[in-house]
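Novice: what would the 3D arrangement of this be:
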Amino acid sequence: MSKYNQCKKIADRHNCVGPVLQSGHLANAVVNAIMQLNDHARVVDRGAYIRVLVPKQCLVTASAIEDHLGSAFQLPVDLEKIMTAFRGKLNISQNEASWTFISSGGRQELASVKRE
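Specialist: Model prediction:
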């Protein structure tokens, strides 16, 4: 069993949002920062990737990630390197990233990150 909380179909039941991250030390720091800043965050660890789900809105700050990482973390560049997809409307700046639930016809899709 993973060190992260497991959740099953929570996105369908609670209108959850958040990132899908490639596993690794950067992802672990992002996940720990999200868990610190969002009381009802749930994490599904699938080995190669980690899905983070938070009801309605998920927030993470660069400073919280840096606290867990122990080194600099530059938003949006470093997050975009490990975020393969996400659920919700993403707003991102140099200081923070947030994913917000937006209902469209009662259904919300998982978005893929476009890479250049």
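
Novice: for W99, name its beta-bridge partners.
Specialist: C58, L90 (DSSP bridges).

Novice: which stretches of this protein form strands?
Specialist: Ranges of strands within the chain are 16-22, 42-45, 49-55, 57-61, 83-87, 89-92, 96-100, 110-112, based on DSSP state E.

Novice: for V77, find the nearest of those strands.
Specialist: strand 89-92 (10.2 Å; C-beta to C-beta). Heads up, the C-betas are built off the backbone N, CA and C, glycines and all.

Novice: picking up where we left off before, can you tell me which of the strands of the chain the model trusts least?
Specialist: Note on those: lowest mean pLDDT is at strand 110-112, with a mean of 54.

Novice: report the central residue of this structure.
Specialist: Residue closest to the average C-alpha location in the chain (C-alpha atoms, centre = their mean): P19, at 2.9 Å.

Novice: surely that residue meets N38?
Specialist: No. With contacts counted by C-beta atoms under 8 Å, P19 stays clear of N38, the gap being 11.8 Å.

Novice: list residues touching both of those two?
Specialist: The contact sets of P19 and N38 overlap at C58 (C-beta atoms under 8 Å, 6 or more residues apart in numbering).

Novice: report the contact partners of the residue nearest to the centre of the chain.
Specialist: By C-beta under 8 Å, 6+ apart, the contact set of P19 is 30, 51-52, 58, 79, 83, 85-86, 97, 99.
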